[in-house]
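*Asks:* turn this into a structure:
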Amino acid sequence: MGAQQSPAEKTIKINWEGSLFVHHSLGMVNRELMTELIKFPHLTLRHIPYEPEQFTPGKDSKYWSLTALRREPHHDADIHIRHRWPPDFSRPPSGKFILMQPWEYGSLPVSWCEAIAETVDEVWVYSRFLKICYERSGIPADKVKIVPNGIDPLCFNPNAPPAPWVRQASGNRYRFLFNGGVTTRKGADVLINAYLSEFRSDEPVCLVIKDSDMYVKGISAKVRELASRDDIARMVYTSDSIPHEQLPGLYTSCNCYVHPYRAEGYGLPIAEAMACGLPVIVTGGGACLDFVEPGCGYFVKCSLETMKSKQVSNLATVDYPFWLMPDTGHLRSIMRYIFENKEEARQRGRNAAETVRSVHTWENAAVVAERRFRALLGRLSAEENEKTPALERRARIDRAVSLLQAGAYDDAIDAFQKILLRYDKSSLAYEGLAIAAFYKKNYEEACSLFAAANRLSHDNVNIIVNWYEAAKTIHAADQLIEPVQRALQLHRDNDELRAIAVEMGIL
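*Replies:* Numbers count the residues shown, from 1 in each chain. Sure thing, here's the model as predicted:
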């Protein structure tokens with residue numbers, strides 16, 4: 001007898017259903033994940049097409065390997081994953097059923113929840129924000145797993161040759177860029193109103209709009225007309241399809257990426273722009289907080305806007321749908337600040353490229369996906385199972401943070417309190433409770449909780465910065481004298497900490 005295979009080495013037969021060589025984001029996600037997953041020798045993938053293909057990759061394309069995939073399904077599949085629009089909840093003939101399904105409007109359709117409960121074994125979402133939307137709609141937390149999107153660092157990098165047409169169209173101007181459908185959901189109207197209100201026609205600045213033809217056009221005609229005018233701040237508009245391998249040049253031909261979305265499931269263009277070395281301006285909530293860190297971009301203040309009826313299009317929803325409303329005035333001030341502080345913005349762009357290109361990649365996303373396949377089939381190794389408690393703790397913290405980001409402060413407080421009960425001391429939990437208390441204007445309670453977080457993690461500058469804001473509100477900044485002095489010993493060159501110390505008279 002031959003040696004038995006380990007759980008990780010046993011062949012897993014996978015049917016992957018969805019668009020592939022098609023010019024939209026779902027097709028792109030399928031291509032990228034499948035390109036990485038076929039590198040695992042124990043995974044046998046077959047592709048079930050959904051819609052007619054729009055292109056065929058050449059032999060020099062990274063996607064060439066996908067053209068060899070068999071198009072008829074495994075009749076004895078271990079896994080059937082479906083990632084398409086509109087969704088199909090029917091049970092596949094064989095295998096565990098994974099539904100990979102974004103939804104950007106907060107509360108899920110009632111019909112989805114009913115179907116998921118009946119037929120789906122596991123739901124994959126792109127971000128913590130989407131996970132919390134599913135959970136708040138009644139989908140059990142242990143059924144919803146995050147398998148993130150990513151970027152290809154070999155393709156999207158700061159050294160990609162800039163697109164000549166952008167330079168030719170914009171001249172020697174500072175270029176802000178938006179890449180995506182010109183829709184209200186993606187905040188194109190907010191961006192254009194902010195830009196035209198802030199900048200004059202005689203200023204050396206340009207807004208480049210790359211539209212997508214996959215979305216129903218609402219304001220595209222108006223944007224095209226604005227781009228033809230010379231009595232307003234310069235705008236460049238195109239809706240032409242750009243081949244995937246030329247996309248990096250779109251980003252590197254510009255100076256700053258702006259995406260003040262109302263609702264996103266992930267925000268792939270944001271990650272792509274960061275990988276190409278651009279600082280980003282994004283809505284300060286929702287999905288992109290999974291990968292946009294403070295030192296990599298700028299966050300636009302936003303508020304939660306709940307819709308008037310429990311319905312999106314013709315779909316009845318579990319609760320009132322919602323999205324985020326970026327503050328136009330704040331966006332104006334950020335764009336002006338970046339225009340006048342270009343070197344600082346360039347540094348944040350360098351930070352962004354380093355972070356995204358090392359962590360948020362398709363390769364790493366495929367590792368998460370492969371682990372989910374084995375977990376769903378009960379094939380995780382003993383060593384990996386030992387890591388489960390730590391992973392569960394991280395997942396609970398992620399869920400609580402997502403609630404906080406979504407503005408569900410009472411739910412976030414409940415989640416953070418349960419973490420403290422289950423895992424005892426956690427500076428992250430105390431910090432989360434403190435931030436929730438601050439937003440609920442319970443400033444004394446917030447200070448007490450920030451102090452508890454600081455005792456567990458006294459070298460965390462963010463805790464001190466937020467604590468100081470709460471303490472100033474109730475004229476109690478003196479309570480930070482010792483914590484600030486102690487933190488200065490470790491972070492003498494931190495600008496935020498030094499500014500606080502100067503205000504307090506310590507420096």
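*Asks:* all strands for the stretch 101-250 of the chain, in order.
*Replies:* In the stretch 101-250 of the chain, the segments counted as strands under DSSP state E, counting those that start in this stretch are 122-125, 144-146, 174-179, 205-210, 234-238.
*Asks:* the fourth one: partners in the sheet, and parallel or antiparallel?
*Replies:* Paired with strand 205-210 in the same sheet, following DSSP bridges, are strand 174-179 (parallel), strand 234-238 (parallel).
*Asks:* so where do the helices sit in the stretch 151-300 of the chain?
*Replies:* Defined through DSSP state H, counting those that start in this stretch, the helices belonging to the stretch 151-300 of the chain, from first to last, are 164-170, 188-198, 220-227, 247-252, 268-275.
*Asks:* same check on the stretch 301-450 of the chain?
*Replies:* 328-340, 342-359, 362-376, 382-386, 388-405, 409-423, 427-439, 443-456.
*Asks:* how much space separates the nearest residue to residue 288 once chain neighbours are set aside from residue 326?
*Replies:* Using CB to CB, 6 or more residues apart in numbering and skipping the chain neighbours, the partner closest in space to residue 288 is residue 267 (4.3 Å). C-beta: built from backbone N, CA, C; applies to glycine. Per CB to CB, to the nearest Å, residue 267 is found 13 Å from residue 326.
*Asks:* with residue 180 instead?
*Replies:* Counting by CB to CB, the gap from residue 180 to residue 326 is 14 Å.
*Asks:* circling back: most tightly surrounded among the helices of the stretch 151-300 of the chain?
*Replies:* Neighbour counts (mean count of other CB atoms under 10 Å) averaged over each of the helices of the stretch 151-300 of the chain peak at helix 268-275, with a mean of 27.
*Asks:* sorry, back to before: for the strands paired with strand 205-210, which one sits closest to residue 350?
*Replies:* Proximity to residue 350 (CB to CB) singles out strand 174-179 among the strands paired with strand 205-210, at 17.1 Å.
*Asks:* how about residue 478, phi and psi?
*Replies:* Backbone torsions for residue 478, taken as degrees, to the nearest 10, come to phi -60, psi -20.
*Asks:* give the contact list for it.
*Replies:* For residue 478, the residues meeting the contact criterion (CB atoms under 8 Å, 6 or more residues apart in numbering) are residue 504.
*Asks:* can you check what pLDDT the model gives it?
*Replies:* In this prediction, residue 478 carries a pLDDT score of 91.
*Asks:* check the one 10 residues further on too.
*Replies:* Residue 488 is assigned a pLDDT of 89 by the prediction.
*Asks:* okay, now residue 81: neighbour count?
*Replies:* Burial of residue 81 is recorded as 29 neighbouring residues (other CB atoms under 10 Å).
*Asks:* residue 421 now?
*Replies:* Around residue 421 sit 9 other residues, with neighbours defined as other CB under 10 Å.
*Asks:* what's the answer for residue 240, then?
*Replies:* Counted with other CB under 10 Å, the burial measure for residue 240 works out to 8 neighbours.
*Asks:* and what of residue 498?
*Replies:* What residue 498 shows, counting by other CB under 10 Å, is a neighbour count of 16.
*Asks:* quick check, it in contact with residue 507.
*Replies:* Yes: with contact defined as CB atoms under 8 Å, residue 498 reaches residue 507; the gap is 6.3 Å.
*Asks:* and for those two, which residues touch both?
*Replies:* Between them, residue 498 and residue 507 have residue 488 as joint contacts when contacts are counted by CB under 8 Å, 6+ apart.
*Asks:* how about the strands of the stretch 101-250 of the chain in a markdown table, adding mean neighbour count, mean pLDDT and distance to residue 62?
*Replies:* As requested, the strands of the stretch 101-250 of the chain are exported to a markdown table (neighbours: other CB atoms under 10 Å; pLDDT from 0 to 100; distance: least, CB to CB, whole Å):
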| stretch | mean neighbour count | mean pLDDT | distance to residue 62 |
| --- | --- | --- | --- |
| strand 122-125 | 23 | 97 | 22 |
| strand 144-146 | 20 | 95 | 25 |
| strand 174-179 | 23 | 97 | 20 |
| strand 205-210 | 24 | 97 | 22 |
| strand 234-238 | 20 | 95 | 25 |
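*Asks:* sorry, back to before: which one of the helices of the stretch 301-450 of the chain has the lowest average pLDDT?
*Replies:* When I compare the helices of the stretch 301-450 of the chain, helix 382-386 is least confident, with a mean of 66.
*Asks:* mind checking how far the closest residue to residue 194 other than its chain neighbours is from residue 258?
*Replies:* The shortest distance from residue 194 to any non-neighbouring residue, by CB to CB, 6+ apart, is to residue 331 (4.2 Å). Look at residue 331 and residue 258: by CB to CB, they are 8 Å apart.
*Asks:* tell me which of the strands of the stretch 101-250 of the chain lies nearest to residue 24.
*Replies:* strand 174-179 (13.5 Å).
*Asks:* how far is the closest one from where the chain is centred?
*Replies:* Relative to the mean C-alpha coordinate of its chain, strand 174-179 is positioned 19 Å out (CA atoms, centre = their mean, to the nearest Å).
*Asks:* got the angle between it and helix 328-340?
*Replies:* Taking axes from the mean of the first three to the mean of the last three CA atoms, to 10 degrees, one finds that strand 174-179 is oriented at 130 degrees with respect to helix 328-340.
*Asks:* tell me what angle strand 174-179 forms with helix 188-198.
*Replies:* Orientation note: strand 174-179 sits at an angle of 170 degrees relative to helix 188-198 (the same axes, to 10 degrees).
*Asks:* angle of strand 174-179 against helix 268-275?
*Replies:* 140 degrees.
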